[in-house]
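Undergrad: need a 3D model of the sequence below.
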Amino acid sequence: MIRPTNNPAANTLEFWQLLLVIGGGFAAGLMNALAGGGTFFSFPALLAAGIAPVSANATNAVALWPASVSAAWALRRELKRLPMRAYLLPLVIAASVGGLAGGLILLLTSDQAFYQLIPWLLLLATLLFTFSRSLARLVAKVGPTQSSSPRLGPVGFICQALVSLYGGFFGAGMGIMMIASLAISGRTEVVEINAIKSLLSSVIYSVAALTFMLAGAVHWMALLIMLPGTIAGGYCGGLFARRLPDSWLRGLVILIGWSLSLFYFYDVYS
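TA: Numbering: from 1, shown residues only. Down below sits the predicted model:
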């Protein structure tokens with residue numbers, strides 16, 4: 001049985017725990033580069049290594065921070081085409097406020113309370129990933145079509161703030177939520193949506209990561225071990241991206257997501 005530890009910030013890990021953390025980081029980087037869903041690997045690895053739930057979630061968010069920033073930088077050309085003051089700036093403000101609020105709520109949540117939420121958070125993320133393509137098609141049918149609108153409306157601002165709140169608190173499945181939110185608010189171009197999503201994800205992770213670090217919630221040894229794993233996994237994922245069928249990879253992530261959700265429901269409530 002996995003249970004919250006009494007010392008969430010202890011920076012000592014045994015050798016097998018180090019291997020587990022770097023392996024989880026490698027798998028997360030690999031899957032994020034190939035099909036997404038990397039949190040299903042990295043976050044449970046940190047928990048299994050004995051790191052307390054809140055610290056594990058904070059450490060996982062900081063570990064994903066560099067990748068989100070680099071993705072936004074890679075798509076900066078697409079972002080320059082969008083209105084800054086009327087559209088991007090309000091989105092960035094919503095992402096900053098929501099990400100900060102989500103991070104603070106996490107820090108105010110006890111390890112035991114957050115542990116009780118883990119099965120539900122994993123189930124939500126699994127459902128989002130499992131039905132992401134169906135959700136995208138549904139949003140495309142019912143969402144607005146004014147993709148060239150130069151201003152962000154109230155609905156778009158509120159949706160982004162709520163998604164950012166969730167992202168600062170947990171984060172798994174946030175990208176899928178954000179795609180739906182942007183589509184509902186009027187964006188329909190795939191490249192444009194991905195660019196905005198990358199920018200806002202980097203803002204959310206940056207605000208949350210800085211909050212977690214300043215609050216002392218990060219397990220630094222696990223973070224330093226996991227980062228090389230995520231980088232190596234991302235590089236290998238880039239090499240294999242064109243060789244492996246996307247349906248196989250998505251199927252693997254979905255299988256692991258459902259398995260982890262069921263396991264934690266049993267572990268928490270048995």
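
Undergrad: from the chain's centre, how far out does whichever strand or helix holds Gln17 sit?
TA: Under the criterion of DSSP states H and E, Gln17 resides in helix 15-34. With CA atoms, centre = their mean, to the nearest Å as the basis, helix 15-34 stands 15 Å off its chain's centre.

Undergrad: what is it packed up against?
TA: Taking 3 or more CB pairs under 8 Å, 6 or more residues apart in numbering; DSSP states H and E as the contact definition, the neighbouring helices and strands of helix 15-34 are helix 39-48, helix 53-74, helix 220-240, helix 246-269. Glycine gets a C-beta too; all of them are placed from N, C-alpha and C.

Undergrad: mind doing that once more with 7 Å?
TA: Counting contacts by 3 or more CB pairs under 7 Å, 6 or more residues apart in numbering; DSSP states H and E, helix 15-34 is packed against helix 39-48, helix 220-240.

Undergrad: show me what counts as buried in that helix.
TA: Within helix 15-34, the residues that count as buried by 16 or more other CB atoms under 10 Å are 17, 20-34.

Undergrad: ok, so of the residues you listed, who is nearest Val62?
TA: Relative to Val62, the closest of the buried residues of helix 15-34 is Gly25; by CB to CB it sits at 11.7 Å.

Undergrad: state the distance from that closest one to Ser134.
TA: Distance of Gly25 to Ser134, computed by CB to CB, to the nearest Å: 30 Å.

Undergrad: can I get the helices and strands packed on helix 15-34 in TSV including mean neighbour count and mean pLDDT?
TA: Conversion of the helices and strands packed on helix 15-34 to TSV gives the following (neighbours: other CB atoms under 10 Å; pLDDT from 0 to 100):
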stretch	mean neighbour count	mean pLDDT
helix 39-48	26	91
helix 220-240	19	85
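
Undergrad: residue contacts, Ser181?
TA: Under the criterion of CB atoms under 7 Å, 6 or more residues apart in numbering, the neighbours of Ser181 are 159-160, 163.

Undergrad: flag the shaky bits of the stretch 151-270 of the chain, pLDDT-wise.
TA: Counting by pLDDT under 70, the low-confidence segments of the stretch 151-270 of the chain come to 185-188, 190, 238, 241-242, 244, 246.

Undergrad: list just the nearest of the buried residues of helix 15-34 to Gly229.
TA: Within the buried residues of helix 15-34, distances to Gly229 taken as CB to CB reach their minimum at Gly25, with 2.9 Å.

Undergrad: I figured the closest one hits Gly234, correct?
TA: No - counting by CB atoms under 7 Å, Gly234 is not a contact partner of Gly25; they are 9.8 Å apart.

Undergrad: Pro245: how many residues sit nearby?
TA: If you count neighbours by other CB atoms under 10 Å, Pro245 ends up with 9.

Undergrad: typed the wrong thing, it's Leu108
TA: Burial of Leu108, expressed as a neighbour count using other CB under 10 Å, amounts to 9.

Undergrad: where does it fall, phi/psi-wise?
TA: The phi and psi values for Leu108, taken as degrees, to the nearest 10, are phi -80, psi -10.

Undergrad: and what of Phe131?
TA: Per degrees, to the nearest 10, the backbone of Phe131 is at phi -110, psi 20.

Undergrad: what distance do you get for Ala215 to Asn57?
TA: For Ala215, the distance to Asn57 - CB to CB - is 12 Å.
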